[in-house]
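In: Next one to model:
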Amino acid sequence: MVLADQGALVDARLGELLGRCRPTVDAPEAIWAAQFDLGLAWVNFPEGLGGLDVDRRYQRVVDETLMEHGVASNLYRNLMGVGMAAPTLLAFGSPAHHSLLRPAFTCEQIWCQLFSEPGAGSDVAGLATRAVRDGDEWVINGQKVWTTLAHIADWGLLLARTDPEVPKHDGLTFFIVDMHTAGVDVRPLRQLTGEAEYNEVFLTDVRIPDANRIGDVGAGWRVALATLANERVTIGGTSRRERGMGPIGRAVDLWQDGAVRSAAERDHLMRCWVAAEVLRLTAIRAEEARERGTPGPEGSILKLATGLTEQRIYDLCVSLLGADGMLISDYDLVQPTSVSTSLSDPDADLVKAFLTIQCATIGGGTTDIMRNLIGERVLGLPGDVRVDRAVPWSQLPR
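Out: Here you go, the predicted structure:
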């Protein structure tokens with residue numbers, strides 16, 4: 001199908017969706033269901049799986065049109081399901097796994113990611129959670145940490161070790177786990193804000209059917225890399241806003257509140273504005289490169305720059321608040337039902353947003369790890385010395 005015909009198809013489906021749904025009246029879940037059924041969830045996906053099998057560039061048309069008509073985004077409600085699980089299930093899953101795409105997009109089933117462990121954060125491949133085969137099932141034992149929204153999740157993307165006698169990257173297998181299975185214990189982790197968006201998850205003799213394995217046994221690292229790449233793109237893609245929107249817009253609003261400001265604060269604001277605009281334009285360029293099928297290094301760069309830039313902006317906001325920036329109200333332990341509500345809500349408490357954004361240079365790959373990736377894989381610099389490539393995981397010091 002030529003691009004013109006693809007564009008006409010997308011426009012027709014958008015017209016049908018907006019004619020069928022009323023964003024100011026209908027529940028978001030009903031609109032997302034209709035969006036999926038019309039192939040507008042992920043337009044590059046096959047027909048029947050939330051897509052139209054058309055060029056990825058038309059997803060931007062869909063997203064911008066729906067935003068203009070007031071349709072709520074499902075990304076913060078189900079970041080792992082929409083941004084990470086869906087492309088992984090499509091690329092590596094079976095037709096049975098593909099049936100999970102619709103409830104993920106409609107947020108009927110929330111997803112989480114079970115990768116990081118207390119002893120395997122930046123070095124995820126060093127994880128210790130074991131999966132032992134028992135007939136047509138796998139028995140899982142281990143602990144995961146920093147698991148976003150695990151307390152409301154229905155499904156988890158799980159990376160576990162199935163062979164400890166081979167090098168660490170080769171002995172991993174990728175699964176999806178029903179979070180309601182016996183032996184899954186989710187415990188909240190209280191953050192600086194008082195909220196508990198993150199959790200630690202204990203897996204004790206959890207039985208997973210082999211049908212829930214994604215990819216081949218021992219090929220989990222390949223699947224995990226694809227999932228992590230989607231995570232970076234999703235996180236970095238949140239920078240693709242209208243000019244002056246998002247955190248920098250909140251900083252400008254504070255600046256214009258009538259208080260007397262210093263030249264140093266003005267300089268700080270201008271530097272933040274320039275950084276935010278460069279980030280926004282880079283996000284647009286990255287999206288266009290992906291639409292042409294030639295993704296570049298922008299995904300990793302965006303992940304790195306988004307966290308650093310937004311930390312600078314919220315630091316400025318707290319500074320502009322003066323003494324009020326040292327106060328936080330409502331410190332009750334609350335478990336949110338969406339990702340980083342203090343960042344996605346334009347009316348949320350700025351001090352909470354400042355505290356929340358501190359995790360941005362850790363989650364999804366720490367700043368140092370992202371710099372290593374960019375240095376080695378983008379700039380071609382010599383890599384760190386690695387002495388564990390050929391050593392069986394069981395022989396590594398821990």
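In: contacts, neighbours, all on C-alpha from now
Out: OK.
In: Just the buried residues of stretch 201-214, please?
Out: 201-203, 205-210, 212-214 (16 or more other Cα atoms under 10 Å).
In: quick one: which of these is nearest to Gly7?
Out: Ile214 (33.4 Å; Cα to Cα).
In: Contacts only, for the closest one.
Out: By Cα atoms under 8 Å, 6 or more residues apart in numbering, Ile214 lies in contact with 89, 92-94, 173-176, 220, 223.
In: and it, backbone torsions?
Out: Reported as degrees, to the nearest 10, the phi and psi values for Ile214 are phi -110, psi 110.
In: mind checking pLDDT for it?
Out: With respect to pLDDT, Ile214 scores 98.
In: next one: Leu79
Out: With respect to pLDDT, Leu79 scores 91.
In: How about Asp324, nearest residue that isn't a chain neighbour?
Out: Val318 (7.9 Å; Cα to Cα, 6 or more residues apart in numbering).
In: any idea how far that neighbour lies from Asp257?
Out: 14 Å (Cα to Cα, to the nearest Å).
In: same thing with Thr65?
Out: Taking Cα to Cα, one finds Thr65 at 32 Å from Asp257.
In: quick one, which of these two is more surrounded?
Out: A count of neighbours by other Cα atoms under 10 Å puts Thr65 above the other of Thr65 and Asp257, at 15 against 9.
In: in what helix or strand does that one lie?
Out: Element membership of Thr65, judged by DSSP states H and E, is helix 58-68.
In: same check, this time on Asn372
Out: Using DSSP H and E, Asn372 falls in helix 367-373.
In: hmm, back to that, between the contacts of Ile214, which sits nearest Trp138?
Out: Phe175 (9.6 Å).
In: give me the element that closest one is part of.
Out: strand 172-178.
In: in that strand, what's buried?
Out: Those would be 172-178, for strand 172-178 by 16+ other Cα under 10 Å.
In: Ok, stretch 89-101 next?
Out: 89-90, 92-93, 97-98, 100-101.
In: now swap in stretch 104-113 and tell me
Out: Those would be 104-107, 109-113, for stretch 104-113 by 16+ other Cα under 10 Å.
In: In helices, which of those fall?
Out: 104-105 (DSSP state H).
In: Contacts only, for Thr204.
Out: Per Cα under 8 Å, 6+ apart, neighbours of Thr204: 140-142, 183-184.
In: from these, which is closest to Ala263?
Out: For those, the nearest to Ala263 is Gly142 (53.8 Å; Cα to Cα).
In: Need phi/psi at the closest one.
Out: Per degrees, to the nearest 10, the backbone of Gly142 is at phi 160, psi -170.
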